[in-house]
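Engineer: Next come a sequence and a model predicted from it.
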Protein chains: 2
Amino acid sequence: MNPGHMTGTDPAAGADSLGLRVARSPLQDALTLSTRPGIISFSLGFPAPELFPSKEFSRACADVLGTAPHVLQYGEPLQRLKYHIVALMRTRGVACKEEQVFLTHGAQQGVNLLVTLLMERGRQVIAEEICYPGFQHVLRFFEPEILPVPTDFATGMDVDCVERYLVRGARPAFIYAIPDGHNPLGVSLSEEKRTRLLTLSQAYGVPILEADPYGFLSYTDHPAKPMRASSEDDVFYINSFSKILAPSTRVGWLIVPERLVAPLANLKEASDINMATFAQHVVARMLDVGFLPSHLQQLRSEYKLRRDAMLSTVTTQLPVATQPTRPQSGVFVWVQLPEGIDTARLLKVAASEHQVAFMPGSAFSLTGGDIGMSSIRLSFSFSSVERIEEGIRRLSQVIASAISHRPG
Amino acid sequence: MNPGHMTGTDPAAGADSLGLRVARSPLQDALTLSTRPGIISFSLGFPAPELFPSKEFSRACADVLGTAPHVLQYGEPLQRLKYHIVALMRTRGVACKEEQVFLTHGAQQGVNLLVTLLMERGRQVIAEEICYPGFQHVLRFFEPEILPVPTDFATGMDVDCVERYLVRGARPAFIYAIPDGHNPLGVSLSEEKRTRLLTLSQAYGVPILEADPYGFLSYTDHPAKPMRASSEDDVFYINSFSKILAPSTRVGWLIVPERLVAPLANLKEASDINMATFAQHVVARMLDVGFLPSHLQQLRSEYKLRRDAMLSTVTTQLPVATQPTRPQSGVFVWVQLPEGIDTARLLKVAASEHQVAFMPGSAFSLTGGDIGMSSIRLSFSFSSVERIEEGIRRLSQVIASAISHRPG
């Protein structure tokens, strides 16, 4: 016990190089902000709590606990839930087998496990330059070579750009795509582009990670099918019950080729043991009683009203803004404000002086730089039509004031 | 779309090098075996399902869902649950603050996050040569230099060996220890060794990972305190509600120095978003009503009966065996059979011909080789006294037959 041996090194020093030392993530900040009394928050993709199926939840808990104490025991991932997921996917035009369904602790874990399975340190990845931060958060552990792709606000990912990378010899671990209700852009990938992307994936042997957390919240009569509907070998599909039942259950799923299930199970075992959680039993029981189709109908119709309210208020109240994106699915609208406005700064004023919050576009930039700096993401799922109208009015004041103070 | 570009590479090829391709893990095999009708399984550390607090669970679900729909929403890790954990730890002699409590998706996730935070590829680690496979499963991703330590079956980890490594210049990322109800050995670390290990940890600036999933299940009047009771800076403590409430809830916790909480939160956010799960709300509600102390009393008294039954039956029925370890905590007994018996093979005969199952010792070997090859781990928590007696009788037949057929 020679004190001369003391290293004095911080045991978690390795965390530094990965940027893990940041005191709080943007998500954590937004979460805290969203719960501040009086604020109207368009920050996060929160579902409407008044639409949570609390009664069905409560009944399912009582049912599974009353009839089967083994629901509290360790157990293999729940086959009954896989059965329901196969049926649910069929409603989106996706044919899959229970053996291809892999249950996760929410969609984020699905992203994490798939990226961990497919990546090696420093390998190439194709992804949109504006995309879901939870994906970026996983990716950075692998110090990847990112091949960024722009996104068209009407038709989605620039597939020509994807093709150029591949033609020039890029062989990324995967292409990451959010074809419906894109987070944060609110855009849907056109059917023509889905077909082309899939053809590229197959021709070059590069799988597509298809993240679809908002796909069941569609506001058109004939939404496009997920890419997984057209290929069971090349598309690895990620979804969860967070937006269609409730987030706090943390039950998600992957649809993957059967050969990937065993390695994913081993990865998940290292992560959290990979046992059937109580929540898996409860969700399966809820689906047993068949209430989901009408619940989805209700969500779609209410969220459609909120989307329409947000689009019309943004259009009338924020005349200086570029047209907002017009989502056919999901819960997000993306608005480009006049160039030169730093929306991260704007948020501080908006939250503290006008009691309204949003996500600054820079939070979604894959490669940093100025991308998204003057844009904002607005979520319309969490607020009533009245609150949406009031919130956008507040926002218009913040923006007007920022413009009048703009240098130059 | 030149087919000449097709690589034909399996996208998950990288998984191979990490041994992720094994069709099924030993845990998955044991789980399947344990649920086979008619079998008496001592394989897994399953709690007794008849002691699950199903009623309290059911009431807590109804309470939280009835009064507060936000329990289904995204939300920050639950402060109320941290409050309860601080109180619970106090009953073990550990003083900690809510700011030092980090909530996890079960103890396995706690191990995963801490190891990920502390490790760098190829770094040294000190751990017992026979230890929990879930820890080993996480560790191997980092291709560590393992410094293995033997374990004394009466007093625990060989602390002299730990000291020799450190004196000779080893600077591992951490020392991994399971001081109470060791999995798989069933041994408890002596108080004297706890003190010495802590002194070494402090002198050399090497933190201790103290895994304590069985610590609340103690069968003596004055159990030793966890090492975390003596140091809040050098010991990172891991536990969960799996063994004291129910495994399927997947709610666990870490007690760590406050400076590690932010980087752990960022790691968990990448893993599964790090939101308050429904299960966190339910567990907090269960603890609100104050039933845990009497529940723990009941678990300890019933498991003590089962332990005694197993020890006496093993001693009388397996006369050829080395004395079993005599656990003061936890749910495991370790039995060394006569040398030369391959218990992995023995399990196949035991399960198929005698309807009894156990974990072969080799499943716990950190460094491979012959360690544990002739030993078995028996869990006494899952079976009634009658089933324990019957199961050990069956086992004695399997062993007698193996000995009579032994070559040489």
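Structural biologist: Okay, I see it. Numbering: from 1, shown residues only, chains lettered A, B, ... in the order given.
Engineer: Which per-residue confidence value corresponds to A:Pro49?
Structural biologist: Among the per-residue scores, A:Pro49 holds a pLDDT of 94.
Engineer: In contact with it: list those residues for me.
Structural biologist: In this structure, A:Pro49 makes contact with B:69-70, B:72-73, judged by Cβ atoms under 8 Å, 6 or more residues apart in numbering or on different chains. For glycine as for every other residue, the C-beta is placed from the backbone atoms N, C-alpha and C.
Engineer: contacts with chain A among the residues you listed, please.
Structural biologist: Contacts with chain A within the contacts of A:Pro49, counted by Cβ under 8 Å from any Cβ of the partner chain: B:69-70, B:72-73.
Engineer: Nearest to B:Gly186 among the residues you listed?
Structural biologist: B:Leu72 (40.5 Å; Cβ to Cβ).
Engineer: what's the residue lying closest to the closest one once chain neighbours are set aside sitting at in phi/psi?
Structural biologist: With sequence-adjacent residues excluded and distances taken as Cβ to Cβ, 6 or more residues apart in numbering or on different chains, B:Leu72 is closest to A:Ala246, at 3.5 Å. Backbone torsions of A:Ala246, given as degrees, to the nearest 10, read phi -170, psi 140.
Engineer: next one: A:Gly369
Structural biologist: phi 70, psi -160.
Engineer: can you give me the helices in chain A?
Structural biologist: A:26-34, A:54-67, A:79-90, A:106-118, A:133-139, A:159-167, A:191-204, A:261-272, A:278-288, A:292-317, A:343-353, A:385-404 (DSSP state H).
Engineer: Name the residues that touch the second one?
Structural biologist: Okay, so that is helix A:54-67. A:71-72, A:245-246, A:278, A:281-283, A:285-286, A:289, A:291, A:295, B:54, B:57-58, B:61-62, B:65-66, B:69, B:72.
Engineer: rerun at 6 Å
Structural biologist: A:71, A:281-282, A:285-286, A:291, B:54, B:57-58, B:61-62, B:65, B:69 (Cβ atoms under 6 Å, 6 or more residues apart in numbering or on different chains).
Engineer: Sort out which residues of it are buried, please.
Structural biologist: Neighbour counts over helix A:54-67 (16 or more other Cβ atoms under 10 Å in any protein chain shown) mark A:54, A:56-65 as buried.
Engineer: Equivalent analysis for the last one, please.
Structural biologist: Neighbour counts over helix A:385-404 (16+ other Cβ under 10 Å) mark A:387-396, A:398-399, A:402 as buried.
Engineer: just the residues you listed now: which is nearest chain B?
Structural biologist: A:Arg387 (16.1 Å; Cβ to the nearest Cβ).
Engineer: and the nearest residue to the closest one once chain neighbours are set aside, what pLDDT?
Structural biologist: Nearest residue to A:Arg387, sequence neighbours excluded (Cβ to Cβ, 6+ apart): A:Ile40, at 5.4 Å. Per-residue confidence (pLDDT) for A:Ile40: 96.
Engineer: Kindly provide the distance from A:Ile40 to A:Val349.
Structural biologist: Distance, A:Ile40 to A:Val349, by Cβ to Cβ, to the nearest Å: 15 Å.
Engineer: Between the two, which is the more surrounded one?
Structural biologist: More neighbours surround A:Ile40 than the other of A:Ile40 and A:Val349, with 24 against 15 (other Cβ atoms under 10 Å in any protein chain shown).
Engineer: Bridge partners for that one, pull those for me.
Structural biologist: Bridge pairing for A:Ile40 (DSSP bridges) gives the partners A:Val356.
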